[in-house]
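Participant: my questions are about this predicted structure, shown below with the sequence.
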2 protein chains.
Amino acid sequence: MQLRNHVEWALHCCAILAGLPEGKFLPAKVLAEFHGVPKEYLAKALQALSLAGLVEGTLGPHGGYRLKRAPEKITFLDVVEAVEGKASTFVCTEIRGNNPCREPGYCDTKPCGIARVMWDADRAWREKLASVRMSDLLVNLLQDVPADQLAKNAEWLAERS
Amino acid sequence: MQLRNHVEWALHCCAILAGLPEGKFLPAKVLAEFHGVPKEYLAKALQALSLAGLVEGTLGPHGGYRLKRAPEKITFLDVVEAVEGKASTFVCTEIRGNNPCREPGYCDTKPCGIARVMWDADRAWREKLASVRMSDLLVNLLQDVPADQLAKNAEWLAERS
DNA sequence: TTAATTACGGATATAAAATATCCGCATATA
DNA sequence: TATATGCGGATATTTTATATCCGTAATTAA
């Protein structure tokens, strides 16, 4: 089981958008070039973010994307679910119902015990993702990346936003 | 992102094997019929469990599978990883390295901040899975399923083990 | 000794999902 | 009016999941 590369791309794009000057838009084309990924396909991930209300797009020259909410209001889980959906990673197909020696009118009162455990684990995963915001990510970036490199990035992006 | 149905099947099979009388073997064919799933394909999941050392198979008439360790020594994580592998659900492709305005000799000192968060969440998921044992699952089953139904299952399985 | 049963590994086939590209449309800006 | 952009739909390609089949070796019972 592996997450789609859209998840990685979308998170990196949100990080860039979160660091952009207030109100500026950045086109998908620029985000694709900055991250070295195919523009046409990245566009699909960005559309998913737009559909989920995390970013908003605007048309025409000087158009592009910007965050629709403040970086403190967007979590990793928001982004992951925008791309992968909200459905649990574990799907219970109720195979216990196939049991050939079940009583005729037998009816389950509770969800399958195996599914309950798997769903708990899925929940733990999502809770962890929900505990980190885009603003936290920016803080980490400021610590990890040298100031002059950040400045170069900002300049490069400013020329294209 | 969705787990393979092998995960569900393998967990149900381990639950059955955990409830089997000490030392008895149960053939893949019987496990498949009990769960209403295709025998040939389930066999692949059981072989994965065998390869991971969770169950052992024996050949010939009255052959089949049994747990290789006590139910208290097998966790959900063991089973999930036997089927899905141990690799993280998030794969970092290091797209930050594609940044077109990077300094020539720039070298990352730490893993990408996005990957760190995603790996933390993956770890939380696995820790939750590691916290539940097959013996815990049996306890839940005893609570959820009426005694007479359990007896019927046991009888049906005993005839075929 | 023989026949039946079983796990195991490999090969193959089919269906679904991920990855990717392309195009036309409506819209916004200069 | 020309250009740049997001958006949605259609299509193509590659990879993974799902599933089946077969040969082999091992084990048991007749």
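Facilitator: Now that the structure is in, tell me what you want to look at.

Participant: for the residue nearest to the spatial centre of chain A, which residues are in contact?
Facilitator: Nearest to the geometric centre of chain A sits A:Val79, at 2.1 Å (CA atoms, centre = their mean). Taking CB atoms under 8 Å, 6 or more residues apart in numbering or on different chains as the criterion, A:Val79 is in contact with A:7, A:10-11, A:14, A:49, A:54. To be clear about C-beta, it is placed using only N, CA and C from the backbone, and glycine gets the same treatment.

Participant: which element is it on?
Facilitator: Assigned by DSSP states H and E, A:Val79 belongs to helix A:76-84.

Participant: ok, the helix or strand following that helix near DNA strand D or not?
Facilitator: Using DSSP H and E, the helix or strand that follows helix A:76-84 in sequence is helix A:113-130. No: judged by CB under 7 Å from any atom of the strand, helix A:113-130 stays clear of DNA strand D, getting no closer than 14.3 Å.

Participant: does helix A:113-130 come close to chain B?
Facilitator: Yes: Helix A:113-130 reaches chain B (CB under 8 Å from any CB of the partner chain) through A:113-114, A:116-118, A:120-122, A:124-129.

Participant: mind exporting the C-alpha coordinates of that helix to PDB?
Facilitator: Only the C-alpha atoms of helix A:113-130 are listed here, as PDB (Å, rounded to 0.1, in the frame of the first residue of the first chain):
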ATOM      1  CA  GLY A 113     -13.600  -7.200  15.400                       C
ATOM      2  CA  ILE A 114     -10.900  -7.200  12.800                       C
ATOM      3  CA  ALA A 115     -12.300  -4.100  11.100                       C
ATOM      4  CA  ARG A 116     -12.600  -2.300  14.400                       C
ATOM      5  CA  VAL A 117      -8.800  -2.700  15.000                       C
ATOM      6  CA  MET A 118      -7.900  -1.700  11.400                       C
ATOM      7  CA  TRP A 119     -10.200   1.300  11.600                       C
ATOM      8  CA  ASP A 120      -8.600   2.400  14.900                       C
ATOM      9  CA  ALA A 121      -5.200   2.300  13.300                       C
ATOM     10  CA  ASP A 122      -6.400   4.300  10.400                       C
ATOM     11  CA  ARG A 123      -7.800   6.800  12.800                       C
ATOM     12  CA  ALA A 124      -4.500   7.000  14.600                       C
ATOM     13  CA  TRP A 125      -2.800   7.700  11.300                       C
ATOM     14  CA  ARG A 126      -5.200  10.500  10.400                       C
ATOM     15  CA  GLU A 127      -5.000  12.000  13.900                       C
ATOM     16  CA  LYS A 128      -1.300  12.300  13.500                       C
ATOM     17  CA  LEU A 129      -1.700  13.900  10.100                       C
ATOM     18  CA  ALA A 130      -4.300  16.300  11.500                       C
END
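
Participant: and the angle for it with helix B:76-84?
Facilitator: If you take axes from the mean of the first three to the mean of the last three CA atoms, to 10 degrees, helix A:113-130 sits at 90 degrees to helix B:76-84.

Participant: buried residues in whichever helix or strand comes after helix A:113-130?
Facilitator: Per DSSP H and E, helix A:113-130 leads on to helix A:134-144 as the next helix or strand towards the C-terminus. Neighbour-count burial for helix A:134-144 flags A:134, A:136-138, A:140-141, A:144 (criterion: 16 or more other CB atoms under 10 Å in any protein chain shown).

Participant: kindly report the same for stretch A:87-96.
Facilitator: A:88-90, A:95-96.
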